[in-house]
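> got a sequence here, can you model it:
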Amino acid sequence: MDERVAELVRDHGSWQRPDASLELLLVSLADAVWKDKRREDLEQLVVHRIGAATGQEPWQTFADLDELLTEIGSRAVQRLAYQNQYGTR
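Sure, this is the predicted structure:
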């Protein structure tokens, strides 16, 4: 496995670190929203970082992100039920 990918998988629960990369924040956010969990503090960090990288206004970044996260989260129950059919090893 690529070292960078392994790092993101290992550290995605550590998104509150001051040196957390945008990639780490996005993986952490994806993990939360996959289960329809919204983390306002994490979302605000992502909005800030994306805005800084793109120059987009924070309100627009938030609106776009909120729409996407709401859509992804809306299918969490079905997705998790499917996953739970197979258990963990």
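> residues near Ala20, how many?
Counted with other CB atoms under 10 Å, the burial measure for Ala20 works out to 18 neighbours. For the C-beta atoms, the positions are set from N, CA and C on the backbone; glycine is no exception.
> skipping adjacent residues, who's closest to it in space?
Ser14 (7.0 Å; CB to CB, 6 or more residues apart in numbering).
> Asp11 too?
Using CB to CB, 6+ apart and skipping the chain neighbours, the partner closest in space to Asp11 is Leu24 (6.0 Å).
> what sits against the one you found?
Residues in contact with Leu24 (CB atoms under 8 Å, 6 or more residues apart in numbering) are 8, 11-12, 14-15, 17.
> gap between the one residue sitting closest to the centre of the chain and Tyr86?
The residue at the geometric middle of the chain, judged as the C-alpha nearest the mean C-alpha position with CA atoms, centre = their mean, is Leu29 (1.5 Å). Remark: distance between Leu29 and Tyr86 (CB to CB, to the nearest Å) = 24 Å.
> Val9 too?
Using CB to CB, one gets 19 Å for the distance from Val9 to Tyr86.
> more neighbours, the two?
Ranked by neighbour count (other CB under 10 Å), Val9 and Tyr86 place Val9 first, with 12 against 7.
> ok, that one to Gly73 distance?
With distances taken as CB to CB, Val9 is found 21 Å from Gly73.
> likewise for Gln83?
Gln83 sits 15 Å away from Gly73 when distances are taken as CB to CB.
> more neighbours: the two, which one.
In this view Gln83 and Gly73 are compared by other CB under 10 Å, and Gly73 has more residues nearby, 17 against 12.
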